[in-house]
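Enquirer: need a 3D model of the following:
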Amino acid sequence: MTLRRLTLVASVLGVVLLLSACRVDVVVHVDVNANGSGNITVTATADKDIVTAEPTIATDLRLEDILNAGWKVQKPKKTRDGGLKLVLSHTFENPATASALLAQVSGAKGPFHDLLISRTGKDTNATWSLAGRLEVTGGLEAFVDDKTLNLLGGAPYAAEVKRSGLDLGDAVAITFEAVLPGKIKATTANISNGSLTWRVPMDGTAIDLASTSENLDIVANVARVARPLLKLLIALWIIVMLILLGMVIRAQNKRTPRI
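Expert: All right, here's what the predicted structure looks like:
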């Protein structure tokens, strides 16, 4: 089952947003551990004007499909300024699963295209790659279609959406964040506190996500090299001790008077 576009959050709230010319900010965050597991978090925040225009939006959200797909959904919470925040999360065990989950929050028109997280090497000496592009095509249709409109009960919003003429960049802001293991070697992102950050363009242009990092666990690698060396040193120490013991015994035998 595919979760439509960023329908996970942006489009659920986007219907009201488009009608009231308000705003939803969405952050998709991917955190990858050295062993390939990790977590994806999607946070959508609707501003106060949306909540004022549709005070029952929190209870109107239909999230059954999202829950059935294995996503965890936190109860919508009000923000300090009177808006509404919705947080979804999903764990993954390997890079392939992470890529598949990211595909669930996108669609043919974006915002994620051909996203792929991959790893070469071992946990303690690996090169990580993030590939794909960020692009929204089709304007409002990238987020609002018949399926999206039905998420809020099938209200007759289609005509209003077509007449809205709202600029997508004024309606929805999407930020994509990724934390890869190790040291970043190349990226097109802004880097802040180890997190790669991109702002999804809403004008139809594309951003290449090409990024690589190298994760070298020096302690683990040193331990792997030192372990056989330590065994060798212990063996040599035992041999030396045996030799010394033999020398001591021979010396004692020479000093012992014969009767």
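Enquirer: helices of the stretch 1-150 of the chain, residue ranges please.
Expert: Taking DSSP state H, counting those that start in this stretch as the criterion, the stretch 1-150 of the chain carries its helices at 10-20, 48-53, 57-60, 64-68, 95-104, 146-150.
Enquirer: which stretch in these has the least confidence?
Expert: Within those, confidence is poorest for helix 10-20, with a mean of 50 (mean pLDDT).
Enquirer: specify the beta-bridge partners of V27.
Expert: V27 has the following beta-bridge partners by DSSP bridges: T43, T175.
Enquirer: from the centroid of this structure, which residue is nearest?
Expert: V30 (0.9 Å; C-alpha atoms, centre = their mean).
Enquirer: who's in contact with the closest residue to that residue other than its chain neighbours?
Expert: By the measure of C-beta to C-beta, 6 or more residues apart in numbering, the closest residue to V30 outside its immediate chain neighbours is A178, 4.6 Å from it. Glycine gets a C-beta too; all of them are placed from N, C-alpha and C. For A178, the contacting residues are H29, V30, D31, V32, I117, L130, A189, S195, L196, S211, by C-beta atoms under 8 Å, 6 or more residues apart in numbering.
Enquirer: what about A178, which SS state?
Expert: strand (DSSP: H, G, I helix; E, B strand; the rest coil).
Enquirer: before we move on, back to that, narrow the contacts of A178 to those that are buried.
Expert: Buried by 16 or more other C-beta atoms under 10 Å: H29, V30, D31, V32, I117, L130, A189, L196, S211, out of the contacts of A178.
Enquirer: pretty sure the last one contacts G182?
Expert: Same thing as S211. No - with contact defined as C-beta atoms under 8 Å, S211 does not reach G182; the gap is 11.5 Å.
Enquirer: which residues touch G38?
Expert: Residues counted as contacts of G38 (C-beta under 8 Å, 6+ apart) are V30, D31, V32, T91, F92, A98.
Enquirer: now with 6 Å, please.
Expert: Taking C-beta atoms under 6 Å, 6 or more residues apart in numbering as the definition of contact, the neighbours of G38 are D31, V32, F92.
Enquirer: of these, which is the nearest to A126?
Expert: Ranking those by separation from A126, with C-beta to C-beta as the measure, puts V32 on top at 10.6 Å.
Enquirer: name the residues linked to the closest one by a beta bridge.
Expert: Beta-bridge partners of V32, as defined by DSSP bridges: G38.
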